[in-house]
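J.: could you work out the structure for the sequence below:
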Amino acid sequence: MGTATPTLPSPAARLKGLTLSSGWVVTEEIPRLPGATGGQYSCGYKVQRDGKTAFLKALDYSKAQEIALNTGIDTLTALQGLINAYQFERNLLQDCKQKRMDRIVVALEDGSVKVDDGIFGEVNYLIFESADGDIRKHLALFQNLDVIWILKCLHHVATGLYQLHSAKVAHQDLKPSNVLVFDSNVSKVADLGCASIQGAISPRDDCEFAGDRTYAPPELLYRSIDTDWRRRRQAADVYCLGSMVTFLFCGTSMTAMILANMAPDHLYPVWGGSYSEVMAEIRDAFGLAIEQFSQSVPGEQLRKTLRETVSQLCDPEPSRRGHPSNRTGHTNPYSLERYVSLFSLLAQRAAVGILERK
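T.: Numbering: from 1, shown residues only. Predicted coordinates:
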């Protein structure tokens, strides 16, 4: 009996050891962590050049076969979809870099490398500045709650979203793994693969929620899809910013807390009615979630401020979400400018000891 020919890994999984045209050497593959919700269509690597280490994201176009199998479309159509998604993210990152969005993780460079002559052999890649890790890794280093660091992180994240929104871009997948930390104290918003641009066609626009559903605002879980771009896209980002506050202080998302406080027959996989019909139950659960979050915030002054802030950012009704002052004559009701200033002020006050942190 003959021996079966071993199947080679995909071209995107065979970059280790290669030297790219720009001089970067691919030194090490970064395995995808168990339970990770992103990166299904890419492979990660460490690259080095002139003593500097960076992160390379290689697009795995062989995943087109899996997409075709799961969706029933042909492989070439699936492949074109992956290529379009790469080009969208690359172009958006270039635009963010040009506009000097300093709280967005932008690409140092992009390009392609030919691994073999097969249909998936040309591998596109993006190279990013190497981070210390995401905020989950950084929080794990704390023995006690570091309020100053958390408030500074929230200021940076709010600034990143504000920079995107000012360019009419919604991130749509803000979650702890998409906030990266650099030099221990600078946080930046990463991964624009799920983003939506107002007035343009984006690859994930046909998704009810383009990002991780674990962090999705409740209206999108219950399929209450607004046709207004801001109410659907930017309002979701505003909610996710509020959910980031709850995660940093009590280790869980606002969505998880809301759902944990609801009766099983009102949960979105079971509920057969509309979102408006379940709103009373959502509001009750939201109120309980706010109480639970408040218990994790140290100091009466900070607790009161963040309770009010999260109540505004995560309001179950998108039309009421955000700062109340924005709903009176403001050009964008979902502007995050006031929250950028608030988190900056709170971080400064905590740093100089004015803000009670116990």
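J.: what segments of this structure are helices?
T.: Counting by DSSP state H, the chain has helices at residues 63-71, 75-98, 135-139, 147-166, 218-221, 229, 235-250, 254-260, 279-294, 300-313, 337-351.
J.: mean neighbour count and mean pLDDT for the ones you listed - can I get that in CSV?
T.: Glycine gets a C-beta too; all of them are placed from N, C-alpha and C. Formatted as CSV, those follow (neighbours: other Cβ atoms under 10 Å; pLDDT from 0 to 100):
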stretch, mean neighbour count, mean pLDDT
helix 63-71, 15, 91
helix 75-98, 17, 95
helix 135-139, 18, 90
helix 147-166, 23, 97
helix 218-221, 23, 95
helix 229, 16, 94
helix 235-250, 26, 97
helix 254-260, 20, 97
helix 279-294, 18, 98
helix 300-313, 18, 97
helix 337-351, 19, 96
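J.: would you mind saying which of these lies nearest S112?
T.: Among these, helix 75-98 comes nearest to S112, with 9.7 Å by Cβ to Cβ.
J.: between helix 63-71 and that closest one, find me the angle.
T.: Helix 75-98 runs at 120 degrees relative to helix 63-71, counting by axes from the mean of the first three to the mean of the last three Cα atoms, to 10 degrees.
J.: which strands and helices sit next to helix 75-98?
T.: In terms of contacts (3 or more Cβ pairs under 8 Å, 6 or more residues apart in numbering; DSSP states H and E), helix 75-98 is packed against helix 63-71, strand 107-114, strand 122-129.
J.: rerun that using 6 Å as the cut-off
T.: helix 63-71 (3 or more Cβ pairs under 6 Å, 6 or more residues apart in numbering; DSSP states H and E).
J.: tell me which of the helices of the chain sits nearest to H266.
T.: By Cβ to Cβ (comparing all of those), the closest turns out to be helix 279-294, at 4.6 Å.
J.: so what does the closest one touch, helix or strand wise?
T.: Counting contacts by 3+ Cβ pairs under 6 Å, 6+ apart, helix 279-294 packs against helix 254-260, helix 300-313.
J.: next, the angle helix 235-250 makes with it.
T.: Using the same axes, to 10 degrees: helix 279-294 against helix 235-250 is 40 degrees.
J.: list the contacts of helix 279-294.
T.: 218, 246, 250, 257-258, 261-262, 266, 303, 307, 311, 316 (Cβ atoms under 6 Å, 6 or more residues apart in numbering).
J.: mind putting the helices and strands packed on helix 279-294 into TSV with distance to R283?
T.: Listed next are these as TSV, based on distance: least, Cβ to Cβ, whole Å:
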stretch	distance to R283
helix 254-260	10
helix 300-313	11
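J.: wait, which of the helices of the chain is closest to P203?
T.: With respect to P203, and counting by Cβ to Cβ, the nearest of these is helix 75-98 at 4.4 Å.
J.: out of the helices and strands packed on helix 279-294, which gets nearest to S341?
T.: helix 300-313 (11.8 Å).
J.: residues in contact with the closest one: which ones?
T.: 238, 241-242, 245, 290, 294, 297, 355-356.
J.: redo that, cut-off 7 Å
T.: With contacts defined as Cβ atoms under 7 Å, 6 or more residues apart in numbering, helix 300-313 is touched by 238-239, 241-242, 245-246, 290, 293-294, 297, 321-324, 342, 346, 355-356.
J.: C-alpha coordinates for that helix, CSV please?
T.: Provided in CSV are the C-alpha atoms of helix 300-313 (Å, rounded to 0.1, in the frame of the first residue of the first chain):
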residue,chain,number,x,y,z
GLU,A,300,-18.4,57.6,46.2
GLN,A,301,-17.5,60.4,43.8
LEU,A,302,-16.2,58.1,41.0
ARG,A,303,-19.0,55.6,41.6
LYS,A,304,-21.6,58.3,41.1
THR,A,305,-19.9,59.7,38.0
LEU,A,306,-19.3,56.4,36.2
ARG,A,307,-22.8,55.1,37.1
GLU,A,308,-24.3,58.1,35.3
THR,A,309,-21.8,57.8,32.4
VAL,A,310,-22.5,54.1,31.8
SER,A,311,-26.3,54.7,32.1
GLN,A,312,-26.0,57.2,29.3
LEU,A,313,-23.6,55.2,27.1
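J.: now that helix against helix 235-250, angle please.
T.: 150 degrees.
J.: K99: how many residues sit nearby?
T.: By the criterion of other Cβ atoms under 10 Å, K99 has 15 neighbours.
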